[in-house]
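Sequence plus predicted model, see below.
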Amino acid sequence: MSRHLGILGGGQLGRMLALSARELGLEVTIIDPGKAPPAAAVAAHIHSEYGDQEALERIAQSDALTFEFENVPEQATRILEQKLPVAPPPRALKVSQDRLVEKNQLNQLGIETAAFCEIQSEADVLLALNELGPVLLKTRTLGYDGKGQALVRDASAAAAAFASLKGAAAIAEGLVPFDRELSSVATRARNGELAFYDLTENHHKAGILRRSFAPAPNISKSLIAQAQDITEKLLVELDYVGTLAIEFFQVGQRLIVNEFAPRVHNSGHWTIEGAETSQFENHVRAVMGFPLGSTEHLGHSVMINLIGSIPPAQDVLAFRGAHLHDYSKDPRPGRKVGHITIRRDSEEEARAVAAELEELIRSHEKGIQPSSET
């Protein structure tokens with residue numbers, strides 16, 4: 001008899017989880033309010049809001065349940081955990097959904113974050129500026145990919161920045177003068193087994209991840225040890241099961257946590273082709289109670305997000321070592337619609353191909369046909 005995995009959410013992360021689950025012989029059902037979300041092409045789709053009682057009863061027939069993003073209602077996971085194993089645990093979801101709660105939890109574990117203040121009024125913004133200097137104002141909930149954020153450099157910008165939040169609860173974070181952004185992706189099994197992927201170097205633009213390099217270049221043993229220690233502390237504290245990602249600011253040989261995601265993560269997409277076992281498969285393995293797979297990297301990888309539109313597949317795939325992932329999402333400015341992973345034997349080769357591919361992407365965005373193929 002086949003086993004069954006339920007997933008709350010049917011976006012591209014749910015799609016890639018479902019594809020990995022099917023490779024392991026599992027049946028998959030998703031709940032998603034969209035009419036045709038990306039995961040619906042590879043999983044049974046319950047077209048419903050996440051809190052609908054009938055939908056929850058149906059998906060509770062699964063052997064285990066997970067979620068693909070942190071904005072699903074925590075209450076839905078609390079209801080479901082009374083009926084079947086839910087991983088990651090609802091507590092991890094609750095902590096990650098509120099930036100103030102998240103940073104307090106990290107600090108309680110002795111994990112360094114940017115300095116921060118709770119914001120309830122315009123006066124609080126002025127106090128934060130006085131205490132922290134220039135700040136990044138962020139809504140406590142629901143913001144992602146740079147949404148729900150405003151940079152405030154001085155008092156003259158405080159009123160407009162606070163008004164832009166439209167009454168949402170917020171925090172102000174002091175700016176971190178970081179050298180680069182890194183991320184740690186790891187999986188924890190039900191028996192406490194841990195599997196760490198290589199640290200990844202990430203580059204953002206307008207708050208959206210544009211490219212990742214794995215393994216991150218010029219990583220010291222000290223940074224690896226710090227990242228694994230921080231990640232393990234959080235995983236154990238949350239009694240976590242599944243894949244988790246932590247975004248770091250590197251400042252010299254010190255790591256400061258930006259935020260964590262209780263799920264598979266965009267910066268871990270390279271693992272599909274670039275690791276012996278992808279972050280998606282290891283997440284499914286953990287949730288279903290299977291042994292974890294090796295996280296050893298295979299060569300050097302560069303992951304490029306496709307934002308707004310996707311170049312013709314024949315042009316992308318003409319590049320040796322390139323792997324195209326089309327999420328089957330309608331093109332829209334600022335929307336992640338796919339990604340490309342380049343895997344080569346050396347970092348230099350991978351970066352060179354990535355640079356040529358990015359030129360192809362720019363030409364496509366401008367409506368210019370590429371003059372040659374590589």
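Perfect, I can see it now.

tell me how far the biggest helix by length in the chain is from the chain's mean position?
Longest helix in the chain by number of residues (criterion: DSSP state H): helix 347-365. Chain-centre distance of helix 347-365: 23 Å, with CA atoms, centre = their mean, to the nearest Å.

Can I get that helix as CSV, trimmed to CA atoms?
Extracted C-alpha coordinates of helix 347-365, given in CSV (Å, rounded to 0.1, in the frame of the first residue of the first chain):
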residue,chain,number,x,y,z
GLU,A,347,33.6,27.4,-9.3
GLU,A,348,35.2,29.4,-12.2
GLU,A,349,33.4,27.4,-14.8
ALA,A,350,30.1,27.6,-13.0
ARG,A,351,30.4,31.4,-12.6
ALA,A,352,31.4,31.9,-16.2
VAL,A,353,28.3,30.0,-17.5
ALA,A,354,26.1,31.9,-15.0
ALA,A,355,27.4,35.2,-16.3
GLU,A,356,26.5,34.3,-19.9
LEU,A,357,23.1,33.0,-18.8
GLU,A,358,22.4,36.2,-17.0
GLU,A,359,23.2,38.1,-20.2
LEU,A,360,20.7,35.9,-22.0
ILE,A,361,18.1,36.7,-19.3
ARG,A,362,18.7,40.4,-19.6
SER,A,363,18.4,40.2,-23.4
HIS,A,364,15.1,38.3,-23.0
GLU,A,365,13.7,40.9,-20.6
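
Run through who's touching that helix.
Among residues not part of helix 347-365, those counted as contacts by CB atoms under 8 Å, 6 or more residues apart in numbering are 211, 213, 217, 299-302, 304, 306, 308-309, 311-312, 315-316, 319-322, 340, 342-344, 369-370, 374. To be clear about C-beta, it is placed using only N, CA and C from the backbone, and glycine gets the same treatment.

L56: which element?
helix 53-59 (DSSP states H and E).

which of the residues in that helix are buried?
Across helix 53-59, burial judged by 16 or more other CB atoms under 10 Å covers A55, L56, R58, I59.

same thing with stretch 236-255?
The neighbour-count check on stretch 236-255 (16+ other CB under 10 Å) flags 237-238, 240-250, 255 as buried.

close enough to count as contact, L298 and W270?
No: using CB atoms under 8 Å as the test, L298 is too far from W270 to be in contact (10.0 Å).

Next, count neighbours for K205.
K205 has 11 neighbouring residues, counting by other CB atoms under 10 Å.

Ok, E348 next?
So E348, with other CB under 10 Å, has 10 neighbours.

Show the contacting residues for the spatially most central residue of the chain.
Note on the chain: the residue nearest the mean C-alpha position is H265, at 2.7 Å, using CA atoms, centre = their mean. Contacts of H265 were listed using CB under 8 Å, 6+ apart, and they are S183, V185, T243, A245, Q279.

cool, R99 as well?
Counting by CB under 8 Å, 6+ apart, R99 touches K138, T139, R140, T141, G143, I171, E259.

Give me the distance between it and E70.
11 Å (CB to CB, to the nearest Å).

Repeat that for F248.
To E70, F248 is 18 Å away according to CB to CB.

roughly how far is stretch 332-341 from the heart of the chain?
Offset of stretch 332-341 from its chain centre (CA atoms, centre = their mean): 14 Å.

Let's test this: what are the backbone torsions at L137?
phi -90, psi 130 (degrees, to the nearest 10).

What is the neighbour count of it?
Neighbours of L137 (other CB under 10 Å): 23.

try the one 3 residues further on
The number of residues packed around R140, counting by other CB under 10 Å, is 20.

residue contacts, it?
D98, R99, L100, A168, A169, A170, I171.
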